[in-house]
Each structure stands twice: as C-alpha cells, then as structure tokens.
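Q: Curious how this folds, go ahead:
(one chain, ligands or ions: 1)
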Amino acid sequence: MDLKYSEEYEAYRAELRAFLAANWPPKGAGAELSFREQAAVFRQHAIDAGYVARGIPKQYGGSERAADVLKARIIAEEFRRAKAPGEVRGIGASMLVPTLIEKGAEWQKERFVPPTIRGEMVWCQGYSEPGSGSDLASLQTRAELVGDEWVINGHKVWTSGADQADFMFCLCRTEPEAKKHGGISYLLIDMKSPGIEVRPLRQMTGTADFCEVFFSDVRTPKDHIVGKRGEGWIVSRSTLKHERDMIGSAESSLLTFRNLVRLAQSTQRGGRPAIEDPAIRQELAEIEGYVRSHVYSGYRQLTAASKGGSAGIASMLNKLTSSNIGHRISRLALELVGDAGLCSPNGDPIMSVNPRGESGWVTQYMWSLGIAIAGGTANIQRNIIAERGLGLPRERAAQESR
Ligand SMILES: Cc1cc2nc3c(=O)[nH]c(=O)nc-3n(C[C@H](O)[C@H](O)[C@H](O)COP(=O)(O)OP(=O)(O)OC[C@H]3O[C@@H](n4cnc5c(N)ncnc54)[C@H](O)[C@@H]3O)c2cc1C
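A: Modelled structure (predicted):
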C-alpha cells in the first residue's frame, strides 16, 4: 500500500487547483447566471480541460482521456474541496451511459450520451417489480413487437425519480417461452409516452423519492432496444472498466463519523458531555475501527487498480461495509439525541453526510435502512461475497433457475 502521490500527480493537482480557482465559482458575466446555468457553463469548461466525463469519447460529448485512477481520485478530492460541480450524478450518467457505450448502437450513443452527461436528459431505472426484486429475472412486464414498435404492459415499483425522468431504461420480458434469464430485453422508453402512469410513493422520511410506474399498451420504437433481443440480462450486467472513485463511500462514512463525534461532544449525558461516557466511547471506538478499515481497504483497492491489478474480494465488500457503518452511526446518533429522535425527519436528501440538527439525524437513520436495500440488499451482497468471492457453493434456488 502506497499512500503518497508521486511528484507527477502532485503537479497535476496543482494545475487542477489553478483551473478551479480561475473557473469556479464563475466571475464577471457568469456570476449573474442561476446556479444551474453556472454549473452547465463550468461543466463544459471542465470537460474541455479533461477533468469531467474523462472516460467518454469526444464524439459523444466527453473529454476522452486515458483511464487513470489516481487522477480520477485527485479530481474528486479537489472538486469536493472547491465545492465545484463535477460529474453529473444520477442513474443516467452512472449506469446508462457506460452501458450504452459498451453495448449501445451508434445512433443511441450519439443521441442519448451527450445530453445525459451534461445533465439535460434525466433517466430512471425500471428494473424492480412488485414480485421481482432480489430475484429480478422473474420479472413479468411484457413487451411485444407489433410492426415497428414494442408494446409494453406491466408494472414497475421503487423506480427512483420516475416522476422527474425524461426516459426510462427498462427490463421487459420479450420471449415468454425462453428460460428465465434468456427472455428479457433492455428497452429505452420515453416517459411522456401515452399509457404511462407514474404514482409517487411517500416514504417515512416524508418525501417521495421513488414511484410506481404502470404501463398500458405503451409504445416505444423497435430500435430502442440496447443489445440483442432476449439479451437484456447480460446488457444490464455490463459495466465498462471505467476509472472509479473506489473510496468515495469510505470518505463519506468518515465525514458522517466525524459529525457523530461532534454530536457526542455537544450532547449531555448524566450531566457531562456524552463523549465522556465510557459506554459511548466504547461504541465510538468500535465504529471508528470499521470506518478506518473501510478507508484503508479503499486505499488498497486504489493502489491495486493504479498498478493495473484487481483488489479481488475487497471490492465486493464496499457496499455492504458502507451501509453497515452508516446504519451503526445513525443508530448511535439517535440514542444520543434521546427524545428528540421522535421529532419529524427533515426530509434532507439521501446522500447528506452532514445531518443538521436532531431531525437531520432522524432522516439519516431512516435512509440508512433504505440504503441497505437499494441496489441489492445486504443479504444479496453477502451471497455475492460468499459465492463469487469465497467460492462457496451457489444457493440451490439460483442453480435451478439457470
Ligand atoms: C432507496 C431505494 C431506491 C431504489 N431505487 C430503485 C430504482 O430506481 N429502480 C429499481 O428498479 N429498483 C429500485 N429499488 C428497488 C430495489 O432494487 C429492491 O428493493 C431490492 O432489489 C430488493 O428487492 P425487494 O424489495 O423485492 O425485496 P425482496 O427481494 O423480496 O427481499 C426481501 C428480503 O429477503 C431477502 N432475500 C431475498 N432473496 C434472498 C436470497 N436469495 N438470499 C438471502 N436473502 C434473500 C432480502 O435480503 C430481503 O431481506 C430501490 C430500493 C430502495 C430501497
């Protein structure tokens, strides 16, 4: 494990700092624009300078730079320090774009990638259904080819941001006779199409971040399929070997942990600061142990990737570890705020690493339960670690469905 950056990378960092100081926040005429407009102008400069959309070819609106995990890391650190808008966040840029670049048709890349990485086209992910979550390949939403169009009927659920999205990338059953994983196709659907009904679902946080989506004879053109017919399962699993910020989640765990320590310093327990209570100190020390090992595991993965290697099983632990840590931190925080933990959540966004006040910690706690489910539950992560990481036998149901 090598924790230092070489001179070459420190020089790169200095160049980047100078770029950020000159361009963010915008000065002169740009200062009058709204934040969204400022972000769009700045993002285009950052793409031109090679700091944003680095893995995306120029013809699709990216900056097309050679993959370099250390540069990616430095960019993430410096953009965060300068509070500058970096990569467009969200499902479209992080999931659909890499999938299209690897498996999409040329016209699909040209039409969908540029507006998505500029943040102008918003996507939602139509995978889960009422009866198909962990066992996703059992999905029942049907798409039938009629003339030059797919006609879609069915029901998706937990679709994050469906009420705000322009398009959905959706898994549909197109070959009902084929074996479970073989009969699925990956379709792109305009969310304004007639026959789509979106019903937001209100959560315990008070906000409605995901929705149910109903399809009644919804039509999408025949060529809005990514990959071949019946190969949607493989398409949905594909990812590019992109530069990845592999210790991002560990850093947000560290930031949330520091907020927890501040909370323990500022709340009273038995007439003294809670941090002086041996039981609380013990719990804080235990959590810090997990946070530090998560951070160092991230460094290990980064070092392996920078040498062209793979961190193997360590990289399979990231999601499970960060959701476990997030849950323990917010559970202890709720204990510290005492009766104030009964107040209403403030509905702050999911990724908040800086909960404000007691209601912020209530929201953080509630979200920690959802994060353990989103994108594959904790149990499913454990199965993956056991089967693919440790080579244990596959569970019977999974063997039989293949
Ligand atoms: C915040 C959030 C955002 C989401 N956003 C989206 C989205 O944008 N698009 C989308 O398509 N979906 C989305 N989802 C849905 C998410 O992918 C599913 O909730 C998840 O895959 C689990 O499926 P399920 O809810 O049907 O639970 P189930 O699969 O029914 O699981 C129920 C319980 O059984 C356990 N279990 C199931 N199978 C096994 C097994 N084989 N071994 C051991 N334990 C098992 C699970 O761990 C869980 O504890 C989101 C969910 C959340 C919480």
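
Q: Tell me where the model's unsure across the stretch 101-250 of the chain.
A: 238-249 (pLDDT under 70).

Q: what do you get if the cut-off is 50, keeping everything else the same?
A: Scanning the stretch 101-250 of the chain for pLDDT under 50 picks out 239-247.

Q: Show me what the helix or strand residue 108 falls within is packed up against.
A: Element membership of residue 108 [criterion: DSSP states H and E] is helix 106-117. Contacts defined by 3 or more C-beta pairs under 8 Å, 6 or more residues apart in numbering; DSSP states H and E place helix 106-117 against helix 97-103. Any C-beta I mention is one placed from the backbone N, CA and C, and that applies to glycine too.

Q: could you say what helices and strands the helix it packs on packs with?
A: Contact analysis of helix 97-103 by 3+ C-beta pairs under 8 Å, 6+ apart lists helix 106-117, strand 225-226, helix 232-237 as its packing neighbours.

Q: Run through the residues of this structure sitting next to the ligand.
A: Residues of the chain lying near the ligand by C-beta under 6 Å from any ligand atom: 124-128, 133-134, 158-160, 210, 370, 373-374, 376-377, 379-380, 383, 395.

Q: ok, back up a step: give the buried residues for the helix holding residue 108.
A: By 16 or more other C-beta atoms under 10 Å, the buried positions in helix 106-117 come out as 108-109, 111-114, 116-117.

Q: Take the residues you listed and write them to a markdown table, including distance to residue 78.
A: Converted to a markdown table, the buried residues of helix 106-117 look like this (distance: C-beta to C-beta, whole Å):
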| residue | distance to residue 78 |
| --- | --- |
| 108 | 33 |
| 109 | 29 |
| 111 | 32 |
| 112 | 29 |
| 113 | 25 |
| 114 | 25 |
| 116 | 24 |
| 117 | 20 |
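
Q: Check these against the ligand and report the nearest one.
A: Ranked by distance to the ligand (C-beta to the nearest ligand atom), those are led by residue 116 at 15.7 Å.

Q: right, and the closest one touches residue 92 too?
A: Yes - contact status for residue 116 versus residue 92: in contact at 4.4 Å, counting by C-beta atoms under 8 Å.

Q: which neighbours do those two share?
A: residue 123 (C-beta atoms under 8 Å, 6 or more residues apart in numbering).

Q: tell me the strands in the stretch 251-400 of the chain, going along the chain?
A: All strands of the stretch 251-400 of the chain, identified by DSSP state E, counting those that start in this stretch, fall at 268-269, 272-273.

Q: Buried deepest among those strands, which one?
A: Ranked by mean neighbour count, the strands of the stretch 251-400 of the chain are led by strand 268-269 with a mean of 14 (mean count of other C-beta atoms under 10 Å).

Q: what does that one rub up against?
A: Contacts for strand 268-269 (C-beta under 8 Å, 6+ apart): 274, 277, 280, 336.

Q: Could you rerun that using 7 Å?
A: Strand 268-269 is contacted from outside by 274, 277, 280, using C-beta atoms under 7 Å, 6 or more residues apart in numbering.

Q: ok, and the most crowded of these?
A: residue 274 (22 neighbours; other C-beta atoms under 10 Å).

Q: give me every residue that touches it.
A: Residues near residue 274 by C-beta under 7 Å, 6+ apart: 264, 267-268, 280, 336.

Q: go on, residue 310?
A: Counting by C-beta under 7 Å, 6+ apart, residue 310 touches residue 304.

Q: Which residue would be the closest one in this structure to the ligand?
A: Closest to the ligand within the chain is residue 133: 1.9 Å, counting by C-beta to the nearest ligand atom.

Q: What is the neighbour count of that residue?
A: Around residue 133 there are 17 residues (other C-beta under 10 Å).

Q: Residue 172 in helix, strand or coil?
A: Three-state assignment for residue 172 (DSSP: H, G, I helix; E, B strand; the rest coil): strand.

Q: Can you give me the buried ones in stretch 219-234?
A: Within stretch 219-234, the residues scored as buried using 16+ other C-beta under 10 Å are 219-220, 224-227, 229-233.
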